[in-house]
Every structure is written in C-alpha cells, then in structure tokens.
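[1] I need the structure of the sequence given here:
(4 chains)
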Protein chains: 4
Amino acid sequence: MKVGVVGLGYWGPNLVRNLTSVDACTGVVACDLDESRLKRVLQRYPGIHGTTSFDDVLDDPEVAAVVVATPVGTHARLAHAALRAGKSVLVEKPLATSGRDARALVQEAGRLGLLVMAGHTFLYSPAVQVARELVHKGAIGRPLYLQSSRVNLGIHQSDVSVLWDLAPHDLSILLDCIDERPNRVSAFGRSTLRRGPSDVAFVDLEFPSGFVANLHLSWLAPTKMRRTTIVGTRKMIVYEDTNPEEPIKVYDKGLNRPAQDELDQYKVTYRTGNVVAPRVGTWEPLGAQLQDFLVRVAAGDTPDKREQTAITVVDIIEAAEESLALSGQPVLLSESGPIGASPASAASA
Amino acid sequence: MKVGVVGLGYWGPNLVRNLTSVDACTGVVACDLDESRLKRVLQRYPGIHGTTSFDDVLDDPEVAAVVVATPVGTHARLAHAALRAGKSVLVEKPLATSGRDARALVQEAGRLGLLVMAGHTFLYSPAVQVARELVHKGAIGRPLYLQSSRVNLGIHQSDVSVLWDLAPHDLSILLDCIDERPNRVSAFGRSTLRRGPSDVAFVDLEFPSGFVANLHLSWLAPTKMRRTTIVGTRKMIVYEDTNPEEPIKVYDKGLNRPAQDELDQYKVTYRTGNVVAPRVGTWEPLGAQLQDFLVRVAAGDTPDKREQTAITVVDIIEAAEESLALSGQPVLLSESGPIGASPASAASA
Amino acid sequence: MKVGVVGLGYWGPNLVRNLTSVDACTGVVACDLDESRLKRVLQRYPGIHGTTSFDDVLDDPEVAAVVVATPVGTHARLAHAALRAGKSVLVEKPLATSGRDARALVQEAGRLGLLVMAGHTFLYSPAVQVARELVHKGAIGRPLYLQSSRVNLGIHQSDVSVLWDLAPHDLSILLDCIDERPNRVSAFGRSTLRRGPSDVAFVDLEFPSGFVANLHLSWLAPTKMRRTTIVGTRKMIVYEDTNPEEPIKVYDKGLNRPAQDELDQYKVTYRTGNVVAPRVGTWEPLGAQLQDFLVRVAAGDTPDKREQTAITVVDIIEAAEESLALSGQPVLLSESGPIGASPASAASA
Amino acid sequence: MKVGVVGLGYWGPNLVRNLTSVDACTGVVACDLDESRLKRVLQRYPGIHGTTSFDDVLDDPEVAAVVVATPVGTHARLAHAALRAGKSVLVEKPLATSGRDARALVQEAGRLGLLVMAGHTFLYSPAVQVARELVHKGAIGRPLYLQSSRVNLGIHQSDVSVLWDLAPHDLSILLDCIDERPNRVSAFGRSTLRRGPSDVAFVDLEFPSGFVANLHLSWLAPTKMRRTTIVGTRKMIVYEDTNPEEPIKVYDKGLNRPAQDELDQYKVTYRTGNVVAPRVGTWEPLGAQLQDFLVRVAAGDTPDKREQTAITVVDIIEAAEESLALSGQPVLLSESGPIGASPASAASA
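    Okay, the predicted model is just below:
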C-alpha cells in the first residue's frame, strides 16, 4: 500500500521517516505546496515520490491512505477531499476545529466504508500504555483526580491558541485512562501578545462520576515540563515524559478512609509504601501509530469508539475556548452531539 | 518583653523554640487547654512558664505580645481578646475566616494603638525575599503570569478545606511579589471524602493589569512539590522550596516581541540565555518573623500596608470558597471592602 | 543512668539534644574546656549539668557512660581515661587514629568488663538498614562492587585529612553490608593547600572474595553528594542520602551471564526490569544510636563483632593514608593484627 | 570530495547519516564485510554507494577521505592501508591499541602529507566546548582536580575492556581542558565475567603540575551517569551530559585560602556565590566533527598537536591497562615516546 503525506512542515518529515520503515507501506508520496520544503525532504529520502499538487496524491490509484499534517485550520477540508477520493485518512491532532466538523468527518468516513483516524500519537507511547493499563486494571483503585502540566518555551502558532496546540495530547491521554466524557469545562489564561491567541491556559474538567481534572498548558515557560499525576483511592501515578529513565512511577500511598459512621469527627491518616517505576518499552510512538493506522486500513476498518474519543477531544477544546472567551465561566458539555451552552450564555440567548 | 504562645499543637512548639533564641524576648508563657501537650512542651523547654488558662496569659502584665497558633476557626476571637487585654498579636495564617472578621481585627488593633500581624512565614524565607526583589527591581521585565503548585500527602484538617490551609502561603508570596489586588477569582476542586471539605483545589486569579495566576493545592499527592513559576516579559523565575541547593533559578528566556505593526502576521521567536541560581541565605524564616514582630511591637507599630495585604489573602480565599461551591463560577472581588457577588449570583439575587 | 558528654563543638550539642529524649538517660553532664561553648549549651538545655573539668565527669559515680566528641587526635586518650574510671564509652568515629590504638582500647574495655563503641551513626540510619538487609538476604545476588561518593564544600579540619573525616561513614556502611575485610587498599588524592592534609581522595579496596570498592571523598566539591551504588549479580542498589523522598532504589537490572561453555565467544546481553524505592523509616539515626549504646551498657555488654568492624575501619584508613603518602601504591592489609606493609615497601625494608 | 565509511556496525550508520548532510561531502561509499548490514544501510540511504570490499574503497580515485569505524583491534591496520592508498583517515576512538601503533600511524600520515585524525567526538560537543573555554580563559582559576563518572548498563564488548571503550571520551575531554600530559597512572577494577576483560574500572591520574584526576567507568551500573566535575581555585564546573537543559553549571564556590604565614594554624573558610548554567548550543557533535575533518583534508592538513593528544589518550589507556593487571600499582608515563615501566616492575625486570 502506498501512503500519501500532505504537509511537510515541522511534523511531516517525521511521518516520512517512520513510514519508510513500516513494512505495510510500499511507497510514500510526499506533498507540499512549498517546493523548497518538498525538495529538502526528497533529498533526504531519495526513495520516495514528491509532488506540489494535492490532486496528484488523490489521483494516484495506488495510494490507499493519506496522512494530513497541515495547519490545523485545513485539517477537515483536506481530510474530506481524501475520503471523497476513496482514501482512508490519518489526520494530525486535532481532527478538526469544531465538534461539528469532527463529527461530519467521522460520519462521512463511516458512510464511505473508510477510516478517518486522529493522530493522537501519545496513545502509542509505551509509558502512556503502562499508565492506562494500571488505571484500567484497578491498580490505583478508584481514580479521584488528574493534574497535567505541559509547558515549554516555544512553537508559538499565530493561528491557534495553546489549547488547540497542546491540549489534544493531555485530553487524549486523560480520556484513554478515564474513559468518561466530562460534563463541565472551564478555561482560564492569557495572551501575552495583545492581539494573539492565548499562550498560557489552565483548564478544569468535571466528570459525571465526580472525577476532576486540571491541565496547565503554556508556550511561555522556563523549563520543559510534561508531567501528569493520576491520584486514585489506593495508589497514585506520576507520568513524566521528560524522564527517560523512569517515565512512570507508582506510589503506594493513600488516605486511610475512616469508617462511614466516623465520618463526622474523623481523623484522617495516611498510608505510605513503596514506589515502583515499572519497566517501560522503548519503541517510537509515531512508528507504532502509523503501523496501527495501516493495519486498520488494510483490515477495512471504519471509525469506532476511538474516533468518538477523538471527537470528544475536539468538543472539550471547543468548550474550553468558549470558557476562555468568558474569562473562565464554566461551559456545560452535553452528553453527546453538539456542545451545550453555558448557563450564562443560554440565559442571554 | 514576655511573649505568650497560645496553642501548642503542630506549630506552637516551633514558635516556642524560636522565641527562646530571639533576643528581644525575655520570657515565654505557653498556653494550651490540653494539659498533656503543655507538659510535653514544658519538659523540652524547662525555662519557660506554662498555663492551661488563656486568661492567665491575658492577665500577665509583663506579656506585651501574644502569638495565636490555635485552629483557624478560633483565630479572630482569641486575637480580639488579646487586643482588648492590651496586647499586640501575631495570628497564625490566615488572619480570620472571613474578610469581614479580618478587617474588624485590623481596625480594632489600629483603634487601640496595637499591632495585629498575620503569620505569613514564607515572606521571611530567604528564597522568597530574593524572588520578590528580582520582581520589584524589574529584573524579569513586566510580570505576565504566576503558577504555583503546593501539594503533598498529608495534614488533612477536618474543619477547613485545603484552600484555608495552603493557599495563604502562595497568596502571601504572590501579593508580596506582584503588589496588586485581583479582581476575579475562581476555584475548582473536589473532596475525596464525601462529606469533608475539598482536599484538592485549583485557583485562577485575574488582576486588573492583565496579570493572571493559578494555584494548584492538594493534600492528596504522591510527592511533595512546592514550585512557583513567575514569567515576565524579559526573564522567568522558578522558586522551588524543596530544592535546598538552588531554591531560586532565573532563566534569561523570553519571547522576542514583534514590532507593533507586524503584529497581525507575526512570526514569534524565542530568546534563550543563561540560567542563574542566585545565592540565597540560610536563616530560619520563623525566627526572622518573630524577630520582626517583636521589633514592630517594641516600636509601637500599628497595622499598615502589610496587614491590608493579609486581609486581601483572606478576601481571596473567601471568594475562592464561594467559587468552589459554585463549581468554578468566577467570583468578582471588589476593590476594597466586602467581596462582591459574581455576575450570576448577583443576577439571581 | 547519667551520661557524660565530652566535647561540645560541632557534634556535641546534637548528642545532648538527643540524650534528653532517650528514656534510659536520667541526666546529662556536659563537659568542655571552653567555658563559652559550655554556657551556650547550658542556656539551651537548662535541665542538664555542666563542667569544664573532665575529672568532674569521671568522678561522678552516677555517670555510667561517657560519649567522647572531641577532636580525633584525643579520642583514644579520653576513652582510656573513662574506661579506667569504670565508665563505658561511645567514641565518635573514628575510634582512634591507628589500628594499634583502636585494638588497645577494645581490649582494655573487654578486660574491664565495659563497653567501648564507635559512633558510626550511619549504621542506625533507616536507609542504610534497608540497604544492608537487601544485601544480606540475597536480594541483589552476589555483590560485585560498591562505589561511593561523599563530597561537599566544607568542614575542612586542619589536623586530619578528608580520609579520617569522611571515610569512616562509607567504610562502616560498606563493612556492614559486605561483612568482609579487604586485603588491599590504595588511595590517591591531593591537598589543595600546600602544607595541609589531603582534601580530596579516591580510595580503592580489594577483598579476598573478588569484591571491589571505590570511595570518592572531598571537602572541595561544588554540590553535596552522598551516593552509594552496590552492584550485584541480580540487582543493583543506589543509596542517595540527600534524596529524602527515595533514599534507596533497587534496580532489577543485570547481566545475562552466558553459559560456562560459551564464555569464550560470548555475546553479553542485559536484563532491565522495574525500579523499586522501598519505604524507609524516618527516625533520627543519632537518637537510635544513643538508645542502642545505653541498652548495651545497661545489659553489661562488652565489645563484640561490631567493635572488631570499627577496628577494621581504622585499619583501612591507616593503610589508605600510607598509600596516599606513596602516591597510590597499594598497601596490603593483613587478615588480623597490624597492617602489613606493601610488597614494595616490604622489599625496600 | 567522496568519503568512504568502513564498518557499518553500531556507529557507522550515524557516520553515513551525518555525512549526507555535510556540504563538503559529495558522495559516500559505505563498506562492510557483512552483506546484510550493508544492505540495511543502503536501503535507508538509497543515494549512497556500497561495497563489501575495502579494496573497492581504496581503489576509488574520487574517495579522498576514509572514516574507519571497525572494531578497535583493526583500527591501525585499516588506517595504514588507507594512508598507503593516498587517503586521509578519520579513525574512530581510540586511534590504536598501543602508543607505539598510534605514533606509527601519525608519523606515517605526516610523511605522506596526509591527515590521520582520531574520532574524539565529544570535543565537538557544544557543552564540552563551553567547559574548555571556561577553563582556558581562567574562569575557574587554577585547576585543582577533575572527577568524571561515565557509567551505564550496556555495550559490553568481548574483545576490549571498559577502559578502551569509555576512557577515550573522558581522557580527550580532560586533556582538551587541562592541556598537560600526566606522569603517573593507576587503574583498579574487576571483570564480573571470570575470563572477560574488566567491565568496571577506576583510574587515577597525576600530572606534573600537581593536578589530579579520577575516572569512574562502568558497563554495569544501574543508571546512566555522565558527569564531570572540574574544581579550580576560584570556581567549579559540573558538566552533566545527560542533562539536556543545563549540561554545564558553574559554581562560584571555593576555599578562602589563608595568608601564607598563617598556613600552619589556619582556619579554612569557604565562599559560596551564584550558580550559572551558561547557554549551550545544540548542534550534533558528530556532524561538526565530520565537517572539521573534511575541512582539514581539503586544506591539506597533516597531523598537529591535536593528534599528539590523541596519542596521549592511547598512552594513558595502555598504562592504565598495565596498572589494572598489577592490581592498581601505579605506572609512570614518560614525557614522550613509549610508556615507562613502574618503579616496581622496573625493579623486578
């Protein structure tokens, strides 16, 4: 199967590099409107084909799958074009810039018997998979809250806020572990450039089960930090993506919960045990993701629960952006379908 | 000058220990209703006096100053009693459990020509003083935002939330550096014990100047973290209280701001320079605080701007508790006087 | 039982503080020739007795045990005097400045039915006890080598080298874990002050079993490091005294040893598993040590294997000093009795 | 200029990858006896030429320079062959397995008007260059000692000891900073596999100026550590290669040296100031090294002081191996020419 790669900016060359070593991929067609970018990639990977015309990719009958790595605002349009040309699509995160567009894309793929998949690469990270499995098999007890910090100095994008850029990572990890759709979102932040989008943001999420989450996202921070804490009733996990030696640590710590009838005048005590850093694999997440994409395409897969989750990621960010515009007013997320209005904005409607 | 110490629970013995080596203090009268606690302290510090009656402390004419280290809910009542007995008071943080009570206390002290001071010990920490000076002298440029995490496993208090317990530290540091009263507060969190107060909370603060801040507070976290980041237009500071070797780091990093007329189609670039960990002193903050308190008492000081700041700390926590009860709805803080209602709650009134 | 403390310099006040909370100790007599030091200690601990005369301590019939915390050169003389006065002695590390003196002291105590014990406080550290137990119960397999770094900026002593000051800690920990007497010692280092003793030293130890060890000791280092690695055939331990959260880490890592007959053309492979930081207690080592000393005195103990180990510590340092003077020439350690000469120096003799 | 790469094991593919982006290199001829290795490299870099015959490389008149990345034992032989074929050579570290062979190689290159250069890649690391410049310009005062740890779990080589594998890195960095030839070397260690070469080693170096150095090298260690400390009379440097954020830290710390006439009864005091992590570039050292090699080849360079240093690296390791075989007996290094015997071994000869 030949694979088209559209967009050779920051991420595209990584896609090409990984595709050249995925077995199922028999050829790559790289595409960018910018001839100099295209030339640079072809020079480095002389075995692949290149074009500056997206139509060339769509018209190539051997290309069964396309990876879209263009600016966020163009994702939905290019993915639709690929689907209409009969090709399954892997769209770099986020899937689209609105829940409505994301839903339309997934529905269209299903209707055509094709796959549209979101590029949530972190779900293929060995460390995230260890964390998820620990949560799913109940190792931490009942999950209570998650706090995640993803901050760095860099990659300011002029067209979208830090939410669209960084939150997809944390939200995809969060939903993968917790498997529940939040019902309430608020976001707070600021743009340090008067007229630009927010470059630092704090997002709060409330879930029907009582679980809560907080994200701290920033393009303007002194040190790179990628740290997620998941606290459960029995144990606690810290996932630190910047610690290659011990990316996951499991703390046998917790609250000794008082008996129900002592709750009123309780004395809370704490339990502290060993800390374990489980062994974590070392594969490259992007390679694993492309491998999985091509396996799904070859199997004739259409969108399933994973793509519903990708839609939820977009829903949450859309709601968070709305809350950001309202200085942190919480926004309700309906259980399914389009994002519900906040009480305040509903009242003013 | 003799000094009374009321409350010999967790913090009281530290006060006694430090007072015995402050020159201006010629004697300590320790007081606790619980005889066994009192006995333990007297055994360890045989040179001091002890009593189980607060009135004994108030009646002692040689006692010119009293330190109140009792549970939060009793602060205001005991401090008023001390003032009425003609004694200046140092009240452990927070000053009171409502802005109204805090104001009343400070006004009463002023009226009587006495001092009431809040025990914001971190303001006497050598690292905090270095951070504040850097901000005040403009070393980081214009401050843009602050993010602070103060999390740990432990000291659950059944009577108050994590906000009243931990936020006074971060708010006193924040206001000391930034010197501005926020106009909007929201808080989000959860109680992991059904009927108890919140043990994890996230607080967002918006200031009239555009500065924003976020606090992450938790009694239920796998590792102790006390980390404050202050980002300015020119430099960034990280203050890590758990790093004794390099508690303060100054990062010569920032955004290269585009010229005003290029703002619409800007390309943001970043600047990275040296990192400096300035030398930080090693004195014990509590000793320095008690020393300062006694100096102010000896000088006949009455409350000044510092106590107004202590009131603001209480105002903010009170507003944050209100927001917490409203699932994160932002609450407005009036410029002075009592806390204003949020737009939503005002509308419903 | 009353306890005498001789020497109130850097360490003495810590001894007094801990003794006041050890149950078996009914009273403390503190002694220092320097009246100002004595006064300072008495001011802080008004419940104890003080004297500037060592004879006062020796003459007090209620004093059954004496702790010697004077400069290294005076240890043996003062300890002998205490023994002759019928008192058991805890001598700050090292026991003496020569193996001969150390042996004489231990023999004298045994002859008089008294105890002389060396103040190897680290043996009472909760982290060291966890490490020792892991090694003793075979958790790491057969021990292969130990590397220890104990470096800092500070406490230069004009009378002894960094070896006498810091090596007792590492050697007592090493011998406690490994339980074997080395047969060969070499040391290398330099004095940064032309005429002073060495302030940085590297010590190599070879044991009859094939085990080897290396110590890195320095008074002149940019950051405080106290890190010991113990590598075994099955697992590896890192003990980091400056990491209060995870002082001990056990790495399930090792070499997959090839079968015996493949040894000649082997391909070595490695095994990597989980990392575990076991829970470690939080008591103060010095308190536990004094407690143990008084228990042994009360039981009428005389020196046993523990004191033989303390002698070995002195033997090793004496040999290391000899090697240091010979620019790193290895020095042999006889199995018992006085330290043997190196082959080279024996040949030249 | 075309460049030949001989040996496509662990390091060879990195050489090929970097050469494809060095401007001066117009083509690559990759060579390995193992056809499957060759095939794998050609698949990944379709633009280059390949051969299983070294003679093909030597016979190609367009190949002006050859990079040798074969097992250590073959370095000298292959480099000589390349020189005789009129090609300049970059030999992976170490240059040869004896000082005699290394000297012969360098002399031969000079005689033929060609260049032979050792692949000491760390000298092109941005962090090492910052450290060297700090030392050379006197920022740390007079250098007193260096301690370096380079330990990891892995890459056991059956043919050579950990000394030949890891010490070239630390020795090249050390000599680059200190610019002095040691006069005395001792090494101590052990092989954990009965009949294999040493996999853990400690090396001590003494220099005529009084400077001393210690290296800790291991293939059998729980965590990767690459840490070099350089202590000077005025400041101290820590270079931590595994810390990408702050690889170099400069500590404004030191000893306050007493006046000359107070030396006998001195009281040493310490000075502590700021810590600075200077900005360090981010280029890839291997690319910079290949670039420099080709520039020197194009300029017609013959060996100079840099190659003398590469010889010294080999001399030191040869002496260290000798000491290792003598259980740590120090070995003297003559100022030039072959390595001198130790006093003891000379005496016994």
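
[2] Can you pull the domain assignment for chain A?
    If you go by automatic domain parsing, the domain ranges for chain A are A:2-121+A:285-302, A:123-282+A:315-334.

[3] who wins for proximity to C:V313 among the ones you listed?
    domain A:123-282+A:315-334 (31.7 Å; CB to CB). C-beta here means a position set from N, CA and C on the backbone, and glycine is covered the same way.

[4] Quick check: which ranges of chain A have low pLDDT?
    For chain A, the stretches with pLDDT under 70 are A:156-158, A:194-195, A:257-267, A:335-349.

[5] Residues of it that sit close to chain D?
    Counting by CB under 8 Å from any CB of the partner chain, chain A comes close to chain D at A:T20, A:S21, A:R44, A:P46, A:G47, A:T223, A:K224, A:E245.

[6] Repeat the analysis, applying 7 Å as the threshold.
    Residues of chain A lying near chain D by CB under 7 Å from any CB of the partner chain: A:P46, A:G47, A:T223, A:E245.

[7] Next, work out how far apart the second one and A:T26 are.
    It stands for A:G47. Separation of A:G47 from A:T26 (CB to CB, to the nearest Å): 11 Å.

[8] ok, now A:N18?
    15 Å.

[9] ok, back up a step: could I get the domains of chain A as a markdown table with distance to C:H216 and mean neighbour count?
    A markdown table is the format used below for the domains of chain A (distance: least, CB to CB, whole Å; neighbours: other CB atoms under 10 Å in any protein chain shown):
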| stretch | distance to C:H216 | mean neighbour count |
| --- | --- | --- |
| domain A:2-121+A:285-302 | 39 | 19 |
| domain A:123-282+A:315-334 | 22 | 20 |
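
[10] Any idea which of the ones you listed gets closest to C:W219?
    domain A:123-282+A:315-334 (30.3 Å).

[11] ok, and does that closest one reach over to chain C?
    Yes. Using CB under 7 Å from any CB, we find that domain A:123-282+A:315-334 touches chain C at A:E246, A:T272, A:G273, A:N274, A:V275, A:V276, A:A277, A:P278, A:R279.

[12] and that domain, how far out from the chain's middle?
    What separates the centre of domain A:123-282+A:315-334 from the centre of its chain is 13 Å, taken as CA atoms, centre = their mean, to the nearest Å.

[13] okay, how far is it across it, tip to tip?
    Terminal residues of domain A:123-282+A:315-334 are spaced 25 Å apart (CA to CA, to the nearest Å).

[14] can you check stretch A:130-147 too?
    For stretch A:130-147, the end-to-end distance is 18 Å (CA to CA).

[15] Disregarding flanking residues, what is the spatial nearest neighbour of the residue of the stretch 101-250 of chain A found nearest chain C?
    Using CB to the nearest CB, the single residue of the stretch 101-250 of chain A nearest to chain C is A:E246, 5.9 Å away. Nearest residue to A:E246, sequence neighbours excluded (CB to CB, 6 or more residues apart in numbering or on different chains): A:A277, at 3.8 Å.

[16] my guess is A:M236 contacts A:K253, does it?
    Yes. Between A:M236 and A:K253 there is a contact under CB atoms under 7 Å: 5.6 Å.

[17] so what sits against both of these two?
    Here A:M236 and A:K253 have B:P222 as joint contacts, going by CB atoms under 7 Å, 6 or more residues apart in numbering or on different chains.

[18] Name the SS class of A:S198, please.
    Three-state call for A:S198 (DSSP: H, G, I helix; E, B strand; the rest coil): coil.

[19] Would you confirm that it contacts A:V162?
    Yes. Using CB under 7 Å, A:S198 is in contact with A:V162, at 5.7 Å.

[20] tell me, which helix in chain A spans the most residues?
    Counting by DSSP state H, the longest helix found in chain A is helix A:305-325.

[21] what residues does that one touch?
    Counting by CB under 7 Å, 6+ apart, A:94-96, A:98-99, A:102-103, A:106, A:116-118, A:120, A:161, A:163-164, A:167-168, A:171-172, A:175, A:181-182, A:185-189, A:198, A:201, A:203, A:329-331, A:333, A:339 sit against helix A:305-325.

[22] Next, see if the following helix or strand past that helix gets close to chain B.
    Heading C-terminal from helix A:305-325, the first helix or strand you meet, by DSSP states H and E, is strand A:331-332. No. Using CB under 7 Å from any CB, strand A:331-332 stays clear of chain B, coming no nearer than 10.2 Å.

[23] The residues of domain A:123-282+A:315-334 next to chain C into JSON lines, with extra columns for distance to D:M1 and secondary structure?
    Shown next, in JSON lines, are the residues of domain A:123-282+A:315-334 next to chain C (distance: CB to CB, whole Å; DSSP: H, G, I helix; E, B strand; the rest coil):
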{"residue": "A:E246", "distance to D:M1": "45", "secondary structure": "coil"}
{"residue": "A:T272", "distance to D:M1": "64", "secondary structure": "strand"}
{"residue": "A:G273", "distance to D:M1": "63", "secondary structure": "strand"}
{"residue": "A:N274", "distance to D:M1": "59", "secondary structure": "strand"}
{"residue": "A:V275", "distance to D:M1": "55", "secondary structure": "strand"}
{"residue": "A:V276", "distance to D:M1": "54", "secondary structure": "strand"}
{"residue": "A:A277", "distance to D:M1": "48", "secondary structure": "strand"}
{"residue": "A:P278", "distance to D:M1": "50", "secondary structure": "coil"}
{"residue": "A:R279", "distance to D:M1": "46", "secondary structure": "coil"}
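
[24] Could you identify the most distant pair in those residues?
    Pairwise distances across the residues of domain A:123-282+A:315-334 next to chain C (CB to CB) peak at 23.1 Å, for the pair A:T272 and A:R279.
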